[in-house]
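[1] any chance you can model this:
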Amino acid sequence: MEAALNTAGGKITCPRCQAMSKRTGEQCGAPAMRGKTKCAYHGGKSTGPKTEAGRQRIVAALTKNGRESRAQRERRALKLRELKELFQIYLRNTP
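    Modelled structure (predicted):
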C-alpha cells in the first residue's frame, strides 16, 4: 500500500487516498484531500454530523460489518456471559 503519490513529473508529493476496493482489494489511486486520508470520491469532503440529532442518528445506526445491529450484538454478549457463568458452575461441580 503506497502512502504517497508523485505528481507533476515527480515535483509534487501528496498523500494517496487510503480507501480500499472491496471487489479488487486494491487501494484507490486518487490523491487524498488536503489534511484528510480520503479523496473527494471516498468521503474526503464529508465533515460529519453537525447537530446533536445528527450525531445521535449516527450512533444509533452504527453496525459492525453492516450485518448486525447494536441490539443483536448486545443480545449475543448477554448470552455468552450466561454461558460462561454456567460453564464456571459446571467446572466447580465436576469432581
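[2] which is the next helix or strand following the helix or strand of the chain with the lowest mean pLDDT?
    Of the helices and strands making up the chain, the lowest-confidence element is strand 4-7, at a mean of 70, by mean pLDDT, DSSP states H and E. Later in the chain than strand 4-7, the nearest helix or strand by DSSP states H and E is strand 12-15.
[3] can you list the residues that contact the next helix or strand after that next one?
    Downstream of strand 12-15, the next assigned helix or strand under DSSP H and E is helix 52-61. Outside of helix 52-61, the residues within contact range by CB atoms under 8 Å, 6 or more residues apart in numbering are G48, P49, R70. From N, CA and C alone the C-beta is placed, and that goes for glycine too.
[4] how many other residues sit next to the first one?
    Spelled out, it's G48. Other residues near G48 come to 8 when the count uses other CB atoms under 10 Å.
[5] check contacts around it.
    I58.
[6] distance of it relative to R57?
    G48 sits 12 Å away from R57, going by CB to CB, to the nearest Å.
[7] just K36 next, same as before
    Distance from K36 to R57, counting by CB to CB: 23 Å.
[8] with L78 instead?
    Between L78 and R57 the distance is 25 Å, computed by CB to CB.
[9] now swap in G43 and tell me
    For G43, the distance to R57 - CB to CB - is 17 Å.
[10] next one: G10
    Separation of G10 from R57 (CB to CB): 45 Å.
[11] who has more neighbours, these two?
    Ranked by neighbour count (other CB under 10 Å), G10 and R57 place R57 first, with 12 against 7.
[12] now the longest helix along the chain: mean pLDDT?
    What stands out as the longest helix in the chain, according to DSSP state H, is helix 70-93. For helix 70-93, mean pLDDT is 91.
[13] how far off centre is it?
    Relative to its parent chain, helix 70-93 has a centroid offset of 27 Å by CA atoms, centre = their mean, to the nearest Å.
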